[in-house]
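A.B. asks: Have a look; sequence and predicted model below, questions after that.
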Amino acid sequence: MKIGEIMTKTIYTASPDDSIKKIVELIYGYRISGVPVVNSKGEPVGIISEKDILKAIYPTYGEFHEDLFRNMDFEEMEKRYNDVTNLKALDLMTKDVISVSPDAPALKVASLMLLEKIRRVLVVENKKLVGIVSQGDIHQAVFKKEILGF
């Protein structure tokens, strides 16, 4: 089974200059967990996930040790959310994007995800983003084919 057969082709994307607020609206509006970031040519330059956004709210290791009590104030952390939503995609996105081609074998891509500890990969053809696939997409497709027989 090839990734092109199971990838999601409807992709919601952001540009590097889009605000985190806009990205949060995409994530929650479409009930997705991450958004590819593409340049004006449609080429992927990053990816941003809910986890990336939430991590930006928490103090860094150094900040945590500088002021242990202040940085344990979870109400204060929640207030940082407004500051984070004013950042740009470029500020929080993962820039080292792992991508595969549509003809990549599904289980090879699943292995790549496990090795790299990521939950989704971008599908790219001729440098253009053509799809996205998650671990869950692969698992469902293999389950349907091998267990259910469709």
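C.D. replies: Sure, I can see it.

A.B. asks: which residues are contacting the helix or strand containing Val124?
C.D. replies: Secondary-structure element containing Val124, defined by DSSP states H and E: strand 120-125. The contact list for strand 120-125, computed with C-beta atoms under 8 Å, 6 or more residues apart in numbering, reads 3-4, 7, 33-34, 36, 43-44, 47, 49, 97-102, 109, 112-113, 129-135. C-betas here are computed from N, CA, C, even on glycine.

A.B. asks: What mean pLDDT does stretch 31-51 get?
C.D. replies: Per-region confidence: stretch 31-51 scores 94 on mean pLDDT.

A.B. asks: Now that stretch: buried residues?
C.D. replies: Across stretch 31-51, burial judged by 16 or more other C-beta atoms under 10 Å covers Ile32, Gly34, Val35, Pro36, Val37, Val38, Pro44, Val45, Gly46, Ile47, Ile48, Ser49.

A.B. asks: list the contacts for the last one?
C.D. replies: For Ser49, the contacting residues are Ser33, Gly34, Val35, Thr94, Arg119, Arg120, taking C-beta under 8 Å, 6+ apart as the criterion.

A.B. asks: make it 10 Å
C.D. replies: Ser49 is in contact with 23, 27, 32-35, 55, 92-94, 118-120, counting by C-beta atoms under 10 Å, 6 or more residues apart in numbering.

A.B. asks: rewinding a little: so what are the sheet partners of the strand holding Val124 and their directions?
C.D. replies: Using DSSP bridges, strand 120-125 pairs in its sheet with strand 99-100 (parallel), strand 128-134 (antiparallel).

A.B. asks: Reformat those strands as a markdown table; add mean pLDDT.
C.D. replies: Formatted as a markdown table, these follow (pLDDT from 0 to 100):
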| stretch | mean pLDDT |
| --- | --- |
| strand 99-100 | 96 |
| strand 128-134 | 96 |
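
A.B. asks: pLDDT weak spots in this protein?
C.D. replies: Residue ranges of the chain with pLDDT under 70: 58-79, 81, 149-150.

A.B. asks: I'd like the distance from stretch 90-107 to the chain centre, please.
C.D. replies: 9 Å (C-alpha atoms, centre = their mean, to the nearest Å).

A.B. asks: Next, the buried residues of that stretch.
C.D. replies: For stretch 90-107, the neighbour count (16+ other C-beta under 10 Å) marks Leu90, Leu92, Met93, Val97, Ile98, Ser99, Val100, Pro102, Ala104, Ala106 as buried.
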